[in-house]
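Engineer: prediction below, plus the sequence it came from.
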Amino acid sequence: MTEGLLSTMDEWGPEKVVCVSDSRTGMRGVLVLDNTARGIGKGGTRMSPTLDVTEVTRLARTMTWKWAATDLFHGGAKAGILGDPDAPQKEEMLRAFARALSNEVPREYVLGLDMGLDERDAAILRDELGDTGAAVGLPAALGGVPYDELGVTGYGLAESVDAAAQHIGRPLSGSRVSLQGFGAVGAAAAKRLTELGAVIVALSTSHGAVHDPDGLDIAELLELRAAAGDACVAHYDAELLPVGVELDVRTDILVPAAREDAVDERTARETSAHLVVEGANLPTTPAAKAVLAQRGVVLVPDFIANAGGAVAAAFAMDARYSPFRPQPPQIFDTLSVKLRANTVQVLEESRARGHTPYETALALARERVHKAMALRGRLPRN
Ligand SMILES: NC(=O)C1=CN([C@@H]2O[C@H](COP(=O)(O)OP(=O)(O)OC[C@H]3O[C@@H](n4cnc5c(N)ncnc54)[C@H](OP(=O)(O)O)[C@@H]3O)[C@@H](O)[C@H]2O)C=CC1
Ligand SMILES: O=C(O)CCC(=O)C(=O)O
């Protein structure tokens, strides 16, 4: 495993990988600090029964590009715990994880929310490490910015979809959208996309998919989700279809907002979508990206479209030092302006340079990180 990890290290990072375990609780976890040239390591914390070090390493690299592309001064990092987020011993594992990383948190890394963690978990992490700014994504009752509850990432994602659709001359209003994932990101995106006039024709959770070519009733699905969580799809008045159907249905826009590597070469070859906007981190394989580009399907990369959580986390980090608590309308307005502008800038430059939006956004982010590395004396002498 270590050999594999060492061979993936490159000129950008990771700078540090810390694996931790605790035999009493069975906690096993990892923190990856990818590149901190632009600031302290920041990125959400994931809990998943299938987590591995490579997954967290890839996510941490995405954070390096995300902070740079949104021009916020944090470094790329991510942490994860191997385990079932619904297990009764979750709190004990979180506490053990926080204790094990008390050298690094919050000096080098600030904990946050990703799949499997929510605001209550952030409160536990903070409780374990004290009021030191160890975790963001805290409940409002603790003075935090509850960015999953507010649905900032999904909101920003929908704004990015709207900006991209407008830019390519196929406006969102009346367009069909298919969505993978109906969690913190997917549900908030579905709500905002509907407000913007999109017709959501399919969506899925790991319980299954629902499909209606005339449009799903998103208000009803959101109500069912409030009562039944991600099992909501099974309670909706439609046939429950196998997971994956949402990638194959006829749609204008595809929004993968669940897992990494969901959009593979086959989907890229067969999708009817003319626009793919990445809601999840790393949902499209490199080979699929190449096929989409060949077919002229526009792809807006994750670190441009799903940066809403990062923007909100940055607000929360700053709020630690400020008597002015950012209010949700200010956060939503800021991220709408920022994500729309970033989406359009990347699409415009991509057209002008004849590169894909992914290549264009990556070049922009790399240039900023490289500049910071140079200024801090982190580049090799030759
Ligand atoms: N939360 C945030 O602020 C941010 C999250 N992201 C990224 O967005 C993605 C989703 O995160 P988030 O919404 O927070 O996570 P959640 O755990 O809240 O939701 C994940 C959703 O995806 C569903 N899902 C999981 N596996 C599959 C599958 N194979 N097929 C279809 N649906 C599936 C889950 O269903 P079920 O619960 O039934 O398993 C759930 O509906 C991740 O890649 C995350 O890194 C990116 C930026 C910020
Ligand atoms: O840094 C955070 O806490 C949230 C942002 C994040 O993890 C992401 O954008 O993937």
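Structural biologist: Arrived safely, thanks for sending. Ligands and ions are numbered 1, 2, ... in the order given.
Engineer: CA atoms for contacts and neighbours, from now on please.
Structural biologist: Will do.
Engineer: output the contacting helices and strands for the longest helix along the chain.
Structural biologist: Assignment by DSSP state H gives helix 328-353 as the longest helix of the chain. Here helix 328-353 is seen to pack against helix 152-167, helix 302-305, helix 308-319, helix 357-375 when contacts are counted using 3 or more CA pairs under 8 Å, 6 or more residues apart in numbering; DSSP states H and E.
Engineer: let's see 6 Å
Structural biologist: Applying 3 or more CA pairs under 6 Å, 6 or more residues apart in numbering; DSSP states H and E, one finds that helix 328-353 contacts helix 152-167, helix 357-375.
Engineer: could you look over those helices and pick the most buried one?
Structural biologist: Mean neighbours per residue, mean count of other CA atoms under 10 Å, is largest over the helices and strands packed on helix 328-353 for helix 152-167, with a mean of 26.
Engineer: quick one on the thing from earlier: any residue of the longest helix of the chain up close to ligand 2?
Structural biologist: No: counting by CA under 6 Å from any ligand atom, ligand 2 has no neighbours in helix 328-353; the shortest distance is 12.6 Å.
Engineer: now that helix against helix 357-375, angle please.
Structural biologist: Relative orientation of helix 328-353 and helix 357-375, computed by axes from the mean of the first three to the mean of the last three CA atoms, to 10 degrees: 100 degrees.
Engineer: can you list the buried residues in helix 328-353?
Structural biologist: 331-332, 335-336, 338-344, 346-348, 350 (16 or more other CA atoms under 10 Å).
Engineer: how far does it sit from its chain's centre?
Structural biologist: Centre-to-centre, helix 328-353 and its host chain are 16 Å apart (CA atoms, centre = their mean, to the nearest Å).
Engineer: still on that earlier bit, redo the helices and strands packed on helix 328-353 as TSV? Include mean pLDDT and distance to ligand 1.
Structural biologist: Rendered in TSV, the data for the helices and strands packed on helix 328-353 read as follows (pLDDT from 0 to 100; distance: least, CA to the nearest ligand atom, whole Å):
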stretch	mean pLDDT	distance to ligand 1
helix 152-167	98	5
helix 357-375	98	16
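Engineer: between the ones you listed, which one is nearest to residue 190?
Structural biologist: helix 152-167 (7.6 Å; CA to CA).
Engineer: name the helices or strands packed onto that closest one?
Structural biologist: For helix 152-167, the helices and strands in contact under the criterion 3+ CA pairs under 6 Å, 6+ apart are helix 184-195, helix 308-319, helix 328-353.
Engineer: turn those helices into a markdown table, including distance to ligand 1 and mean pLDDT.
Structural biologist: Converted to a markdown table, the helices and strands packed on helix 152-167 look like this (distance: least, CA to the nearest ligand atom, whole Å; pLDDT from 0 to 100):
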| stretch | distance to ligand 1 | mean pLDDT |
| --- | --- | --- |
| helix 184-195 | 4 | 98 |
| helix 308-319 | 4 | 89 |
| helix 328-353 | 13 | 96 |
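Engineer: of those helices, give the one that comes closest to residue 213.
Structural biologist: Among those, helix 184-195 sits nearest to residue 213 (CA to CA), with 14.7 Å.
Engineer: how far out from the middle of the chain is the worst-scoring helix or strand of the chain on mean pLDDT?
Structural biologist: Taking mean pLDDT, DSSP states H and E as the measure, the helix or strand of the chain with the lowest value is helix 2-8, at a mean of 79. Computed by CA atoms, centre = their mean, the chain-centroid distance of helix 2-8 equals 24 Å.
Engineer: that older thread, right, and the helices and strands packed on helix 152-167 - which one's nearest residue 254?
Structural biologist: Distances from residue 254 to each of the helices and strands packed on helix 152-167 were compared by CA to CA, and the smallest falls on helix 184-195, at 11.9 Å.
Engineer: ok, and what's touching the helix or strand that the closest one is followed by?
Structural biologist: On the C-terminal side of helix 184-195, the closest following helix or strand by DSSP states H and E is strand 199-205. Around strand 199-205, the neighbours that count as contacts under CA atoms under 6 Å, 6 or more residues apart in numbering are 174-182, 209-213, 215-216, 246.
Engineer: and those residues, which are buried?
Structural biologist: Among those, those classed as buried by neighbour count (16+ other CA under 10 Å) are 175-182, 209-211, 215-216, 246.
Engineer: thinking again about what came up before, out of the contacts of strand 199-205, which are close to ligand 1?
Structural biologist: The subset of these lying close to ligand 1, counting by CA under 6 Å from any ligand atom, consists of 180, 181, 182.
Engineer: give me the nearest residue to the second one, chain neighbours excluded.
Structural biologist: For residue 181, ignoring the flanking residues on the chain, the nearest one in space by CA to CA, 6 or more residues apart in numbering is residue 258 at 4.5 Å.
Engineer: for that neighbour, give its distance to ligand 2.
Structural biologist: Here the criterion is CA to the nearest ligand atom, to the nearest Å. By it, residue 258 lies 12 Å from ligand 2.
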